[in-house]
Structure formats: structure tokens, C-alpha cells
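1. what's the 3D shape of this:
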Amino acid sequence: EQNRPNTPGLRQALDDCLYEEAKQSQRRQRYDEVLLLLKELHRRNPKRPGLDQAMGVATQELVRRYAEANDYFSLRVLLHGLATAFPSHPVVVQWESRLKEEAAALLAKTQAAADAGRLSEAAALSRRLASIWPQLPSARELAESIHRQYPRVAVGVATPAVDLTPNR
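-> So this is what the prediction gives:
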């Protein structure tokens, strides 16, 4: 493409090559490779027939894996990438709906724990809620309310303690 960009059929051949490589990676269940190749193909030719479906299949599999691992941040990044390429893609709609429902149920549990005075539990639920769907309306306000009542600071150290005397 750099040296002979006007070669007849070159662009189509390279696009076809990317698609075939993606299919080969899918057969090997290397969905991260599939998505990488399809994103490049989308950059080159966003109107290629079947590209939205192929990206949906790869994204669906990776999202499922991230959900099983409770890696909601990576899951949301993948969904955002697919939504950027194909707004309102069925995979995005399905998973965002699922995450919002899960977060709404968790919000109710968090509120119930806070109302019952179980602030430690409410704080833990609030952190989980923020990891699943941080944009949920009223979740931030509830988390701030819980934090005002049950402030918590996490401290990390890089070296082991030399003096084990209490209060040191």
C-alpha cells in the first residue's frame, strides 16, 4: 500500500486477508486476536458486510470471560469499543442492560444495609456496585453518604515493618 497504492485489487485483497486471519484466530478461540484484526478491518473498511456480526461474536465471548472473572472495567471497555464502531449493537444493548439490572439490584441491597446500620457491609456493596456500573443514578450519592458515616482509608506499604511495636 505504501509503495504501490494504485495496484488494482490490493485494498480488497488486504481486507480479505485480515478477515481470513480473524476467522483462523476464531477457530483457535483467540478472541483477543480476532477483535484486534477486526478492529483494523473496521478502520480500513467500516462498511464491510458482516463485520458488525463478526465483531459482536468476538466481543460477546471476551465480555463473557471478563464477566466470569468479575473484571467489569475491561468488560465495559470492550462494550464501549463495539458501541463506538456500531452504535446500538445487540451485544452492547444486551450486556449494558444486564449490568444495569445487576447494579440496580445491588443498589437496593446497599441501601438496605445502610438503612439497617450495617455500614461495613454497605461500604463493601457500594464498592462492588461502583465496579459493575459506576454511572448508575444515585449510586455515587449513596456511596458518599456511606463514606461520611463509615470513613475508611486503605494504606499500602512497600517495605516490611522492622519495629513491630504497637502504634509504630
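
2. what is the mean pLDDT for the longest helix along the chain?
-> Taking DSSP state H as the criterion, the chain has its longest helix at helix 90-115. For helix 90-115, mean pLDDT rounds to 96.

3. after it, next one along is what?
-> helix 119-132 (DSSP states H and E).

4. show me what that next one is packed against.
-> When contacts are defined as 3 or more C-beta pairs under 8 Å, 6 or more residues apart in numbering; DSSP states H and E, helix 119-132 packs onto helix 72-85, helix 90-115, helix 139-149. Backbone N, C-alpha and C define where each C-beta goes, glycine included.

5. 6 Å instead?
-> helix 90-115, helix 139-149 (3 or more C-beta pairs under 6 Å, 6 or more residues apart in numbering; DSSP states H and E).

6. may I see those organised as a markdown table, with distance to Ala130 and mean neighbour count added?
-> Converted to a markdown table, the helices and strands packed on helix 119-132 look like this (distance: least, C-beta to C-beta, whole Å; neighbours: other C-beta atoms under 10 Å):
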| stretch | distance to Ala130 | mean neighbour count |
| --- | --- | --- |
| helix 90-115 | 9 | 17 |
| helix 139-149 | 6 | 15 |
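
7. mind giving me a markdown table with those and columns for distance to Ala123?
-> Formatted as a markdown table, the helices and strands packed on helix 119-132 follow (distance: least, C-beta to C-beta, whole Å):
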| stretch | distance to Ala123 |
| --- | --- |
| helix 90-115 | 9 |
| helix 139-149 | 5 |
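
8. nearest to Leu41, of these?
-> Proximity to Leu41 (C-beta to C-beta) singles out helix 90-115 among those, at 17.4 Å.

9. run through who's touching the helix or strand of the chain with the lowest mean pLDDT.
-> In the chain, no helix or strand scores lower on mean pLDDT, DSSP states H and E than helix 139-149, which sits at a mean of 93. Defining contact as C-beta atoms under 6 Å, 6 or more residues apart in numbering, one finds that helix 139-149 is touched by 107, 114, 119, 122-123, 126, 129.

10. can you tell me the closest non-neighbouring residue to Asn70?
-> Ser131 (7.7 Å; C-beta to C-beta, 6 or more residues apart in numbering).

11. which residues touch Ala58?
-> 31, 34-35.

12. I'd like the distance between Ser131 and Leu10.
-> Per C-beta to C-beta, to the nearest Å, Ser131 is found 46 Å from Leu10.

13. these two: which has the busier surroundings?
-> Between Ser131 and Leu10, counted using other C-beta atoms under 10 Å, Ser131 has the larger neighbour count: 15 against 12.
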